[in-house]
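**Student:** predicted coordinates and the sequence they were generated for:
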Amino acid sequence: MRRRDFLAMLTAIPLPRAAQAAARGAPRNLKITDVKVLVTNPNQAAMGNFVLVKIVTSEAGLEG
């Protein structure tokens, strides 16, 4: 086993525990209350439109 492989293995170990802790702290009755969509094309960008989506939940302050 190379040192790089060993270090990569060590960094992956805490992830499942962190996910379990986050799941335990999450509210069980979380509901999506609103979805807001904003389509914009700043300065008629050559890349086209940007679509932004905001999701509002029943938890106060939890949106994104």
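**Tutor:** Received, thanks.

**Student:** okay, and the beta partners of Lys36?
**Tutor:** Lys54 (DSSP bridges).

**Student:** could we number from 119 for the rest of this?
**Tutor:** All set: I'll call the first residue 119, so the last point we hit is now Lys154.

**Student:** that one reaches Lys172, doesn't it?
**Tutor:** Yes: between Lys154 and Lys172 there is a contact under CB atoms under 8 Å: 4.4 Å. (Each C-beta comes from the backbone N, C-alpha and C, glycine too.)

**Student:** now the helices for this structure?
**Tutor:** In the chain, the helices defined using DSSP state H lie at 121-130, 132-143.

**Student:** return the member of those having the minimum mean pLDDT.
**Tutor:** Ranked by mean pLDDT, the helices of the chain bottom out at helix 132-143, with a mean of 66.

**Student:** distance of Gln162 from Phe168?
**Tutor:** Distance, Gln162 to Phe168, by CB to CB, to the nearest Å: 12 Å.
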